[in-house]
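Chemist: Task: produce atomic coordinates for the following.
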Amino acid sequence: MANETMTKQAAEKAGFIAALDQSGGSTPKALRLYGIEEDAYSNDEEMFGLIHDMRARIIKSPAFNGDKVMGAILFERTMDGEIDGVPTAEYLWKERSVVPFLKVDKGLADEESGVQVMKPMPDLDALLERAVAKGIFGTKMRSVINAANEEGIAAVVAQQFDVGRQILGHGLVPIIEPEVTISISDKAAAEDILLAEILKQLDALGHDKQVMLKLTLPETANLYKPLVDHPRVMRVVALSGGYSRDEANNRLASNTGMIASFSRALTEGLSAKQSDADFDAALAASIDSIYQASKAG
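Modeler: Residues are numbered from 1 along each chain as shown. Prediction:
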């Protein structure tokens, strides 16, 4: 079960959540942006080894600590790995005072009704048991909304909360992530539908339960304030969704009570070729800008 110190930090502490959870499909792009091309590895094991090295470099950097980074979301292989001989989740909490979360979804199904729900997760209970044993506090799972389709969005949100209840049953806090694609023409309409569907599911959640929500930065500032204030919501965090760090920060600063959970926007400007001093300076500047935007809201 999550300890009280982690729960208090996740619910109340200033800062943001670093999303270090790129999975198999997104890892090559993440490595490419980091300056490592695909000819640098010949199989998945080598690829995942390189991305683990990148994540370990980020986590060990002096600025990456609980002062500004409230939590971090890990990929399963990262959770199973070690940093300086210490299991990653344990290292995050004991050495960096950062709350560890785990990405648990297995990717997206094909689009139907303008959305992509999550693929089935038949081994989820076993994964959640391992996560608890390794000191993980919560989980994250992602669906995608590509159109303002009421039936599709309702299906996405219902699936997220169904799996969320399964996760809560293991004593973990689920981060529910129904991402709205930033490039769609009816993004604002999709977000209105999404808000209504999330409120329905929250109102049906047990009074002793809390979830976290990870949402695309909305077209209308403070659209999600009712979720920030909802008693069943521990925290509302924002995904960058393809916005540049500057734009993501600007949008975030206009949304009261939301904090960041950025991935690509966090690592923008980092390179494998940088000296440790240059890398640490670039990461520190990135962390500070996202922290300030998270506080500004």
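
Chemist: The protein: strands as residue ranges?
Modeler: Using DSSP state E, the strands assigned to the chain run over residues 16-20, 69-74, 82-83, 86-87, 99-103, 115-116, 138-145, 173-180, 211-216, 233-239, 259-260.

Chemist: what would those look like in JSON lines with distance to residue 7?
Modeler: Placement of C-beta: from N, CA and C, glycine included. Putting these into JSON lines (distance: least, CB to CB, whole Å) gives the following:
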{"stretch": "strand 16-20", "distance to residue 7": "14"}
{"stretch": "strand 69-74", "distance to residue 7": "11"}
{"stretch": "strand 82-83", "distance to residue 7": "24"}
{"stretch": "strand 86-87", "distance to residue 7": "21"}
{"stretch": "strand 99-103", "distance to residue 7": "9"}
{"stretch": "strand 115-116", "distance to residue 7": "31"}
{"stretch": "strand 138-145", "distance to residue 7": "10"}
{"stretch": "strand 173-180", "distance to residue 7": "8"}
{"stretch": "strand 211-216", "distance to residue 7": "11"}
{"stretch": "strand 233-239", "distance to residue 7": "8"}
{"stretch": "strand 259-260", "distance to residue 7": "16"}
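
Chemist: low pLDDT regions in the protein?
Modeler: Within the chain, the set of residues satisfying pLDDT under 70 comprises 1-2, 24.

Chemist: Please repeat the previous calculation with a cut-off of 90.
Modeler: Across the chain, residues meeting the criterion (pLDDT under 90) sit at 1-3, 21-27, 29-30, 48, 77, 206-207, 240, 242, 263-264, 296-297.

Chemist: got the residue ranges for the helices in it?
Modeler: 4-12, 27-33, 44-60, 76-80, 88-96, 124-133, 150-168, 187-204, 225-228, 245-253, 264-267, 276-296 (DSSP state H).

Chemist: Make JSON lines from the ones you listed and add mean neighbour count to it.
Modeler: JSON lines is the format used below for the helices of the chain (neighbours: other CB atoms under 10 Å):
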{"stretch": "helix 4-12", "mean neighbour count": "15"}
{"stretch": "helix 27-33", "mean neighbour count": "16"}
{"stretch": "helix 44-60", "mean neighbour count": "18"}
{"stretch": "helix 76-80", "mean neighbour count": "19"}
{"stretch": "helix 88-96", "mean neighbour count": "21"}
{"stretch": "helix 124-133", "mean neighbour count": "16"}
{"stretch": "helix 150-168", "mean neighbour count": "20"}
{"stretch": "helix 187-204", "mean neighbour count": "18"}
{"stretch": "helix 225-228", "mean neighbour count": "17"}
{"stretch": "helix 245-253", "mean neighbour count": "19"}
{"stretch": "helix 264-267", "mean neighbour count": "24"}
{"stretch": "helix 276-296", "mean neighbour count": "17"}
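
Chemist: wait, which of these is closest to residue 69?
Modeler: For residue 69, the closest of those is helix 276-296, at 6.4 Å, according to CB to CB.

Chemist: So which elements touch the closest one?
Modeler: If you count contacts as 3 or more CB pairs under 8 Å, 6 or more residues apart in numbering; DSSP states H and E, helix 276-296 packs onto strand 16-20, helix 245-253, strand 259-260, helix 264-267.
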